[in-house]
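Asks: Just need the structure, nothing else, for what follows:
(one chain, ligands or ions: 1)
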Amino acid sequence: MVDMFRDTWAEINLNAITYNLEQIKEKLPEDSEIMAVVKANAYGHGIVPVAKQALASGATALAVALLEEAMLLRKASIDAPILVLGWVSPAYASVAAANNITLTFFQREWLEQLSGTAMERPVQVHLKLDTGMGRIGVRAKEELIRILREIEKNKNVKLTGVFTHYATADAEELDYFYEQSKRLEELLSVFYENWTEPVSMHVANSATSIRFPEKTHNFIRFGISMYGLYPSPVVRLENKISLKPAFSLHSKLAHVKKISKGESVSYGKTYTAKQDEWIGTIPIGYGDGWNRKLQGSSVLVAGKRMPIVGRICMDQTMIRLDQAYPIGTKVTLIGEQGEDRIEMDELAMYLDTINYEIPCMINDRIPRIYQG
Ligand SMILES: *Cc1c(COP(=O)(O)O)cnc(C)c1O
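Replies: Residues are numbered from 1 along each chain as shown. Model prediction:
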């Protein structure tokens, strides 16, 4: 535990992670396993505690974006299979191999660089197929055949998996999803004509797992919904799965005062009291990742919504209170308090972004406190 002298913290409910994994597990075919996606510090929830909880709750593998993140997990003595989803320079393939970390692979140049070097043991790779996401992966059949010929000859590389990623699995309109699905089938038939060793297959992010559990192959790559959030408003409305958010954000009133009608609050004097008002100050600001654009949105005090008034400062935020409250009164910025709650979806809408970005934006100046 870090020393905590300021009353501003995020609570991570690990039981919610377990609950969400149980919910998806029920929908999956028997032979489909869960790869828990814990990239970006487990979407801001804390990579090591979340990875441990996920593995204790039925996940059998982990996925991250960076080799650095995979190494953090190994340093925490986590020995489950780990896949790095992003591109890693071949210069670091031996680091991955030494730590039994699987890399994502899709380039012949990458293979060529490895064929020259002497490695103690081969690096395991999963082959990425670009069926329409347009990010990374092999796109053409001829290229796929060439790559498979070369990987067969390369003693430093062992192919253990194949995967793709859908660009619109969370959308209302699914034509492009089906088009990607068709391109996948075509590439896979070429793959199996040219490869006989067993490999694992995975295609499904949260949206695909929830909406098309029968299309999941050997693993799902379960990210956002493990944290209790729906991949999009469309998937939420479909109501195919029950989820519990794991993340909540809290602070306490540091100062409470009455200001008179006509007096203003914060930088730039953007807020002026229309009558005599109670104003509270909370110790959180954009320096914590509490976005300045949240001016005008609400927080919860005594289970009631109180608006953020005046500009959000680097370390402090002011709110208008309906009455005087004692210093130290709990303020909930994300999550439940009393009968009401402020959801990530609401903040995402307010900030014109997606819920994925909300826990990621709360930076590590805010300690994560684990429950469960
Ligand atoms: C981040 C990511 C996932 C997880 O997606 P969610 O929508 O959070 O479930 C799965 N696969 C890849 C390749 C990713 O980059």
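Asks: Low-confidence bits of the protein, can you list those?
Replies: Judged by pLDDT under 70, the chain has its weakly predicted residues at 1-2.
Asks: Outline the domain layout of it.
Replies: As given by automatic domain parsing, the domain ranges for the chain are 14-234, 247-342.
Asks: okay, how far is it across the longest one, tip to tip?
Replies: Across its full length, domain 14-234 reaches 26 Å end to end, with C-alpha to C-alpha, to the nearest Å as the criterion.
Asks: what's the offset of that domain from the middle of its chain?
Replies: Relative to its chain's centre, domain 14-234 lies at 14 Å (C-alpha atoms, centre = their mean, to the nearest Å).
Asks: Please apply the same query to the shortest one.
Replies: Distance, stretch centre to chain centre, for domain 247-342: 27 Å (C-alpha atoms, centre = their mean).
Asks: Does the ligand have contacts with that domain?
Replies: No - Domain 247-342 does not reach the ligand (C-beta under 6 Å from any ligand atom); its nearest approach is 13.9 Å. In this view, the C-beta of every residue, glycine as well, is placed from N, C-alpha and C.
Asks: Over to stretch 122-133?
Replies: No - Stretch 122-133 does not reach the ligand (C-beta under 6 Å from any ligand atom); its nearest approach is 8.0 Å.
Asks: circling back to that earlier point, in TSV: the domains of the chain, plus mean neighbour count.
Replies: TSV is the format used below for the domains of the chain (neighbours: other C-beta atoms under 10 Å):
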stretch	mean neighbour count
domain 14-234	19
domain 247-342	17
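Asks: which one of those domains lies closest to Ala348?
Replies: Shortest distance between Ala348 and those, using C-beta to C-beta, is found for domain 14-234: 9.1 Å.
Asks: which non-adjacent residue is nearest the residue of the chain found nearest the ligand?
Replies: Per C-beta to the nearest ligand atom, Gly223 is where the chain lies closest to the ligand, at 2.4 Å. If the residues on either side of it in the chain are set aside, Gly223 comes closest to Val37, at 3.5 Å by C-beta to C-beta, 6 or more residues apart in numbering.
Asks: and the gap between the one you found and Pro213?
Replies: 17 Å (C-beta to C-beta, to the nearest Å).
Asks: repeat for Asn15
Replies: Asn15 sits 23 Å away from Pro213, going by C-beta to C-beta.
Asks: Over to Gly310?
Replies: With the distance defined as C-beta to C-beta, Gly310 ends up 48 Å from Pro213.
Asks: now swap in Tyr19 and tell me
Replies: From Tyr19 to Pro213 the distance is 17 Å (C-beta to C-beta).
Asks: same check, this time on His165
Replies: The gap separating His165 from Pro213 is 17 Å, by C-beta to C-beta.
Asks: cool, Ser232 as well?
Replies: Counting by C-beta to C-beta - Ser232 and Pro213 are separated by 17 Å.
Asks: likewise Leu114?
Replies: 36 Å.
Asks: The nearest residue to Thr160 once chain neighbours are set aside sits in which helix or strand?
Replies: Distances taken as C-beta to C-beta, 6+ apart put Gln124 closest to Thr160, at 4.8 Å, once the chain neighbours are dropped. Per DSSP states H and E, Gln124 falls inside strand 123-129.
Asks: Quote the end-to-end distance of stretch 217-230.
Replies: Using C-alpha to C-alpha, one end of stretch 217-230 lies 21 Å from the other.
Asks: Tell me which stretches of this structure form helices.
Replies: With DSSP state H as the criterion, the chain has helices at 14-27, 39-43, 47-56, 67-75, 93-98, 108-115, 141-153, 175-194, 206-211, 233-238, 344-350, 357-361.
Asks: CSV for the ones you listed, including distance to Lys252?
Replies: Formatted as CSV, those follow (distance: least, C-beta to C-beta, whole Å):
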stretch, distance to Lys252
helix 14-27, 23
helix 39-43, 25
helix 47-56, 24
helix 67-75, 31
helix 93-98, 44
helix 108-115, 51
helix 141-153, 57
helix 175-194, 46
helix 206-211, 34
helix 233-238, 31
helix 344-350, 20
helix 357-361, 21
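Asks: who wins for proximity to Gln316 among the ones you listed?
Replies: Set against Gln316 and scored by C-beta to C-beta, the helices of the chain come closest in helix 357-361, at 17.6 Å.
Asks: Let me know whether that closest one sits next to the ligand.
Replies: No - shown here: helix 357-361 not in contact with the ligand (C-beta under 6 Å from any ligand atom), separated by at least 11.0 Å.
Asks: Pull up the gap between Ile354 and Ser242, please.
Replies: For Ile354 relative to Ser242 (C-beta to C-beta), the value is 21 Å.
Asks: Comparing the two, which shows the higher neighbour count?
Replies: Ile354 (17 against 10; other C-beta atoms under 10 Å).
Asks: Leaving out chain neighbours, which residue sits closest to that one?
Replies: Nearest to Ile354 is Ala348, by C-beta to C-beta, 6+ apart, at 5.5 Å.
Asks: I'd guessed the one you found sits against Cys360; true?
Replies: No - between Ala348 and Cys360 there is no contact under C-beta atoms under 8 Å: 11.2 Å.
Asks: got the phi/psi numbers for Leu28?
Replies: phi -80, psi 150 (degrees, to the nearest 10).
Asks: Quick check: it vs His255, distance?
Replies: 50 Å.
Asks: For the stretch 51-200 of the chain, what lies in contact range of the ligand?
Replies: Leu85, His165.
Asks: List the contacts of Thr208.
Replies: Thr208 makes contact with Tyr166, Ala169, Lys215, Thr216, Ile220 under the criterion C-beta atoms under 8 Å, 6 or more residues apart in numbering.
Asks: switch the cut-off to 7 Å
Replies: Tyr166, Ala169, Lys215 (C-beta atoms under 7 Å, 6 or more residues apart in numbering).
Asks: Can you report how many residues lie near the residue nearest to Gly46 when sequence neighbours are not counted?
Replies: Nearest non-adjacent residue to Gly46, counting by C-beta to C-beta, 6+ apart: Arg368, 4.6 Å away. Neighbour count for Arg368, taken as other C-beta under 10 Å: 20.
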